[in-house]
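> Sequence first, predicted model second:
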Amino acid sequence: MGPFGERPYWWVHETKFYGNESAPALRQLSITCETGPGSPSGHAMGSAAVGYVMVIAVLSIAAQRKTPALLYWLLKMVLWMLLGLVELLVCMSRVYVAAHFPHQVICGVISGIIVAEIFSRQKWIYITSLQKYFSITLFLLVFAVGFYVLLKVVGVDLLWTLEKAQKWCVNPAWVNMDTTPFASLLRNMGTLFGLGLGLHSPLHTQHKKSTSNPFKMGSIAISLVLLQLLDFLTFPSDNHTIFYILSFTKSAVALLVPTILVPRVLFLFLQEKKVEKTS
Ligand SMILES: O=P(O)(O)OC[C@H]1O[C@@H](O)[C@H](O)[C@@H](O)[C@@H]1O
């Protein structure tokens, strides 16, 4: 292990880099004890990928609406600068809390943008069948579990980082199951599954066709509040299977909220108001 380890909070205890000198004392916080390998940074990767897709989407809407060239240029500059600033803050904060080395957050941003660029070109995602959503979710699960078991049989533990976190974290309560790579995978699969269910629901198709911009803005605002509330929902991790199932379900529900639940309830509410007014 050279001067480029995984998580600084365990690297300082294990490295021979400092020789006879004492290693720097790193102050741990409740958010330091991440359990993933840390290369690349998941926070940097996720935020860069989401931000990149959002900027591209806004710019393509602006282009479709034939925004004047100067305004378009200004919008482009502001959005990219904003994303740059957000990424800078994310990266600096991850390094500041000693969750990462600088190269890991830089790799995170680059890999996030590459992933976003590849997937934003995959238009089939929006039109693919419900069955395909299900089979991709199932394939990812079987592949991940199969790969994990296979490597375990040949003596490689893919969850080796969890042990390091448990060993070097000063407070065992800070080692959060939510941060394990497998929990992340299940969350992503739940999201994919929920997106498939939501997009293929007859309710979604109905509201997609027949709604005005204020209705859409209202749905977005209410969904954001509900998703924020849903985020507060955490599960005990004593039983891992139940924990993973609940994490999966929570992520799937998170996608059903903006695609079906909120538009449907808002639609029924507005319709009732209309009936009240006319009667
Ligand atoms: O690698 P980082 O920046 O510490 O981030 C790890 C995080 O990566 C994210 O992708 C996961 O969704 C989180 O659950 C996880 O904690």
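Arrived safely, thanks for sending.
> where along the stretch 51-200 of the chain do the helices fall?
Per DSSP state H, counting those that start in this stretch, the stretch 51-200 of the chain carries helices over the ranges 69-96, 102-120, 124-127, 130-153, 160-168, 181-200.
> tell me the angle the second one makes with helix 69-96.
Okay, so that is helix 102-120. Angle between the axes of helix 102-120 and helix 69-96 is 140 degrees (criterion: axes from the mean of the first three to the mean of the last three CA atoms, to 10 degrees).
> got it, and the last one?
Between the axes of helix 181-200 and helix 69-96, defined by the same axes, to 10 degrees, the angle is 150 degrees.
> which element follows helix 181-200 toward the C-terminus?
Using DSSP states H and E, the helix or strand that follows helix 181-200 in sequence is helix 202-209.
> That next one: which residues count as buried?
For helix 202-209, burial by neighbour count (16 or more other CB atoms under 10 Å) applies to 204, 207. All C-beta atoms are positioned from the backbone trio N, CA, C, and that covers glycine.
> okay, the angle between it and helix 181-200?
Using the same axes, to 10 degrees: helix 202-209 against helix 181-200 is 70 degrees.
> would a markdown table of the helices of the stretch 51-200 of the chain with distance to Gly36, mean pLDDT and mean neighbour count be doable?
Output for the helices of the stretch 51-200 of the chain, formatted as a markdown table (distance: least, CB to CB, whole Å; pLDDT from 0 to 100; neighbours: other CB atoms under 10 Å):
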| stretch | distance to Gly36 | mean pLDDT | mean neighbour count |
| --- | --- | --- | --- |
| helix 69-96 | 12 | 97 | 14 |
| helix 102-120 | 11 | 95 | 18 |
| helix 124-127 | 25 | 78 | 10 |
| helix 130-153 | 14 | 89 | 13 |
| helix 160-168 | 6 | 89 | 16 |
| helix 181-200 | 5 | 89 | 20 |
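> right, so of those helices, which gets closest to the ligand?
The ligand lies closest to helix 181-200 among those, at 4.2 Å (CB to the nearest ligand atom).
> and the angle from that closest one to helix 160-168?
Using the same axes, to 10 degrees: helix 181-200 against helix 160-168 is 130 degrees.
> contact partners of helix 181-200?
Here helix 181-200 makes contact (CB atoms under 8 Å, 6 or more residues apart in numbering) with 35-37, 42, 126, 128-130, 132-134, 136-137, 140-141, 144, 148, 158-159, 161, 177, 204, 243-244, 247-256, 258-260.
> and the helices of the stretch 51-200 of the chain as a markdown table, adding distance to the ligand?
Output for those, formatted as a markdown table (distance: least, CB to the nearest ligand atom, whole Å):
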| stretch | distance to the ligand |
| --- | --- |
| helix 69-96 | 5 |
| helix 102-120 | 7 |
| helix 124-127 | 19 |
| helix 130-153 | 15 |
| helix 160-168 | 10 |
| helix 181-200 | 4 |
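> Out of those helices, the one nearest Asn20 is which?
Comparison of these against Asn20 by CB to CB identifies helix 160-168 as nearest, at 21.1 Å.
> Give me the helices and strands touching the closest one, please.
helix 8-14 (3 or more CB pairs under 8 Å, 6 or more residues apart in numbering; DSSP states H and E).
> average model confidence for the helix it packs on?
For helix 8-14, mean pLDDT rounds to 88.
> Mind listing what's buried along that helix?
Buried-residue list, helix 8-14, by 16+ other CB under 10 Å: 8-12.
> Do you know the pLDDT at the residue of the stretch 1-150 of the chain at minimum distance from the ligand?
Residue nearest to the ligand within the stretch 1-150 of the chain (CB to the nearest ligand atom): Gly42, separated by 2.1 Å. Per-residue confidence (pLDDT) for Gly42: 92.
> follow-up on the earlier one: can you put the buried residues of helix 8-14 in a markdown table and add distance to the ligand?
Shown next, in a markdown table, are the buried residues of helix 8-14 (distance: CB to the nearest ligand atom, whole Å):
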| residue | distance to the ligand |
| --- | --- |
| Pro8 | 11 |
| Tyr9 | 11 |
| Trp10 | 13 |
| Trp11 | 14 |
| Val12 | 16 |
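> would CSV of these with distance to Gly51 be doable?
Formatted as CSV, the buried residues of helix 8-14 follow (distance: CB to CB, whole Å):
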residue, distance to Gly51
Pro8, 25
Tyr9, 27
Trp10, 29
Trp11, 28
Val12, 31
